[in-house]
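In: When you get a sec, could you give me coordinates for this:
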Amino acid sequence: MLPMCSAAMYVATLTAALFPLLRKRRNHEPFLSLLFEHLPMAAAIVDASDRVLAINPAFTRLFEYTEAEALGRPLGELIVPEELRTQGLEFTERALHGELISTESVRCSRSGERIPVWIMGIVLRTPLRRKGILALYQDMRPIHQQRQQLQQLLEQAQQLMAARDRMLATISHDLRSPLAAAQGLCQLILSEATDADQVRTHATKLAELLDYQLKLIGDLLTYFRTHTAEKLELELELEEFDLCELAVQVLDALTLSAYQKQIQLVPRLPEESVPIRADRYKLQRVLTNLLTNAIKFTPNGGTVELEVTTDPTLSRPIIVRVRDTGVGIPAELLPYLFEPFSAAVKPGTGGERGTGLGLAIVKRLVELHGGAISISSQPGSGTTVEVSLPPSPPSSP
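Out: Predicted coordinates for the structure are as follows:
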C-alpha cells in the first residue's frame, strides 16, 4: 500500500517510463534533465554496480550530499545504514531484474540523521546503454508525525469516552438512589405515619435527600458549564474587591456548619486589604467549596484555618490556604482529587455526602482566573489546599 505521497510516486513512475521512450527521440536530453531536476522526491540514478551517476536537488536537500560528493560513489555507502546494507544490495539486485521496488525503510543523511523514507526502485538504461536504477525517496517524517498525532488523539478520545461512561454511570446512580429513597419516605408518610413526630422525622430525611439532590444537580450544571468554557466563551464578571472581605463573608456563612461539629474556624488574614480583580461569585464558590470540604473531613473538635497572604516575588502573588486537622488523604489518591467522581471521594467524618464534583469545579474556576491549585496531605495529620492567583486574570483588559 502506498503512503499519502502516492501522487509523487505516480509522477516518479511516469518519469521512469518516459526515460526509455524519450531516448528514441532526438533532442530529448534537455527535457529529461528538466524532468529529473524537478522531481518532488529525492532521486538518484545508479549503475548496475550501485555507483551514483546523478542526483537531483531534492536528494541534496534530504540527504545533504552535493552532486560532487555523491557522483561515482556507491549509493549504499552514502545513505544506507550499515545494518541495512544487505537489504539495500538486495533491492538493487531485484530492481535490476525488472522488479518494482516499493517499500518503507530507513536511510541516513550526511550528518548521520536516520530518516524514515518510502523507497521506489525502477529499472532503466543509463546513457551508456547499460542497465541502471532510478532510486526515489519520499521523506516519511511528516507522515510519521501525523500518525503520532492521530494516535495521541485516538488515545485521548478513548480516555474521554471511558471517563464519560464512568461519569454517566455515577450520575445515573447518584440521581436515581436519592429519588428512590425519597419516594419510599413519601409512601411511609402517606401510609404509615400516625402522628406528627413520625411525619416530622420522615419529612426531615426527605428534605435532606432533596437538598443533596439539588446540590448534585447544581454541581453538575456548574461543572459542565465551567468545563466547556472555551467552547461557550464563558466570561468572568470581573470587579475589584477586597479578598479578605470576601473571606470573612464565606467564614460567616459556614459558621453554623462548623458549630454543628464543634469545629473552630480560624481566619488568618492580613491587617491590610488584599485587592483583586476577579469574578466575585466564582471566587466565593472556590472558598466555599474548599472550606466545606475541610469541615466535612475534619472530626468533631478539630480546626479549619483560612489564610490569605501575598508574596510580590511570585508570578501569582495572592495566596489562599485552607488548612484542616482532618483525616488526611493517602498519597496514592492525591493525583485523582481533581477528577470528577474520582475514587478519592469519600463520605465526611460525620457521614456527610459529597457530589464528587466540588474540587473539579474549584480547579476549573481557579484556572479561569489564571491561577493554580495544589493539595498536600498526610493521613491522620490533616490537609492543606493552596490557591495562587494573579491580581487580575491574564486575559482581562
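In: Please pull out the lowest mean pLDDT helix or strand from the chain.
Out: Lowest on mean pLDDT, DSSP states H and E among the helices and strands of the chain sits helix 229-232, with a mean of 42.
In: continuing past that one, what's the next helix or strand?
Out: Counting by DSSP states H and E, the next helix or strand C-terminal to helix 229-232 is strand 238-242.
In: Partner strands of that next one, with direction?
Out: Paired neighbours of strand 238-242 in the sheet (DSSP bridges): strand 275-279 (antiparallel).
In: which stretches of the stretch 51-200 of the chain form strands?
Out: Taking DSSP state E, counting those that start in this stretch as the criterion, the stretch 51-200 of the chain carries its strands at 52-55, 101-108, 114-125, 131-139.
In: same question, the stretch 251-397 of the chain
Out: Ranges of strands in the stretch 251-397 of the chain, per DSSP E, counting those that start in this stretch, are 264-268, 275-279, 303-310, 318-324, 372-378, 382-389.
In: Of the ones you listed, give the one that comes closest to Leu34.
Out: Leu34 sits nearest to strand 372-378 of all the strands of the stretch 251-397 of the chain, at 60.0 Å, using CB to CB. All C-beta atoms are positioned from the backbone trio N, CA, C, and that covers glycine.
In: what pLDDT does the most centrally placed residue in the chain get?
Out: By CA atoms, centre = their mean, the chain has its centre lying nearest to Gln156, at 6.9 Å. Gln156 carries a pLDDT value of 83.
In: Quick check: the gap between it and Glu332.
Out: With distances taken as CB to CB, to the nearest Å, Gln156 is found 24 Å from Glu332.
In: okay, and for this structure, where does confidence drop off?
Out: Residues of the chain meeting the criterion pLDDT under 70: 1-32, 125-130, 163-185, 187-188, 190-194, 208-209, 211-216, 218-234, 341-356, 395-397.
In: And the helices in it, which stretches?
Out: Remark: helices assigned in the chain by DSSP state H are 6-23, 29-37, 57-63, 67-70, 75-79, 85-96, 141-191, 196-227, 229-232, 243-253, 255-260, 280-296, 358-368.
In: circling back to that earlier point, please tabulate the strands of the stretch 251-397 of the chain in a markdown table and include distance to Leu136 and mean neighbour count as additional columns.
Out: What follows is these, written out as a markdown table (distance: least, CB to CB, whole Å; neighbours: other CB atoms under 10 Å):
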| stretch | distance to Leu136 | mean neighbour count |
| --- | --- | --- |
| strand 264-268 | 72 | 14 |
| strand 275-279 | 60 | 20 |
| strand 303-310 | 65 | 19 |
| strand 318-324 | 61 | 20 |
| strand 372-378 | 52 | 16 |
| strand 382-389 | 56 | 21 |
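In: Minimum distance to Ile119: which of those has it?
Out: Nearest of the strands of the stretch 251-397 of the chain (CB to CB): strand 372-378, 49.8 Å.
In: on contacts alone, who are the packing partners of the closest one?
Out: The contact analysis (3 or more CB pairs under 8 Å, 6 or more residues apart in numbering; DSSP states H and E) places strand 372-378 against helix 358-368, strand 382-389.
In: Neighbouring strands of it in the sheet, and parallel or not?
Out: The pairing partners recorded for strand 372-378 under DSSP bridges are strand 382-389 (antiparallel).
In: Could you check the angle the strand it pairs with makes with strand 303-310?
Out: Angle, strand 382-389 to strand 303-310, by axes from the mean of the first three to the mean of the last three CA atoms, to 10 degrees: 20 degrees.
In: Off-centre distance for strand 382-389?
Out: 24 Å (CA atoms, centre = their mean, to the nearest Å).
In: For it, output the C-alpha coordinates as PDB.
Out: Output of strand 382-389 as PDB, limited to C-alpha atoms (Å, rounded to 0.1, in the frame of the first residue of the first chain):
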ATOM      1  CA  GLY A 382      -4.800  17.000  58.000                       C
ATOM      2  CA  THR A 383      -4.700  18.600  54.600                       C
ATOM      3  CA  THR A 384      -3.600  21.900  53.100                       C
ATOM      4  CA  VAL A 385      -5.000  23.300  49.900                       C
ATOM      5  CA  GLU A 386      -3.200  26.200  48.400                       C
ATOM      6  CA  VAL A 387      -4.600  28.500  45.700                       C
ATOM      7  CA  SER A 388      -2.400  31.100  44.000                       C
ATOM      8  CA  LEU A 389      -3.900  33.900  42.000                       C
END
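In: contact partners of that strand?
Out: Contact partners of strand 382-389, identified using CB atoms under 8 Å, 6 or more residues apart in numbering, comprise 276, 278, 286, 290, 293-294, 297-298, 314, 316-326, 328-329, 366, 369-377.
In: And stretch 253-261, by the same measure?
Out: So stretch 253-261 is in contact with 264-265, 288, 291-292, 295, 298-302, 304, 349-350, going by CB under 8 Å, 6+ apart.
In: in that stretch, what counts as buried?
Out: Neighbour counts over stretch 253-261 (16 or more other CB atoms under 10 Å) mark Leu254, Ser257, Ala258, Lys261 as buried.
In: Next, report how far it is displaced from the centre of its chain.
Out: Stretch 253-261 sits 39 Å away from the centroid of its parent chain (CA atoms, centre = their mean).
In: hmm, back to that, present the helices and strands packed on strand 372-378 as CSV; the columns should include distance to Ala95.
Out: Below are the helices and strands packed on strand 372-378 laid out as CSV (distance: least, CB to CB, whole Å):
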stretch, distance to Ala95
helix 358-368, 58
strand 382-389, 64
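In: can you give me how far stretch 69-83 is from the chain middle?
Out: Chain-centre distance of stretch 69-83: 42 Å, with CA atoms, centre = their mean.
In: All set, thanks.
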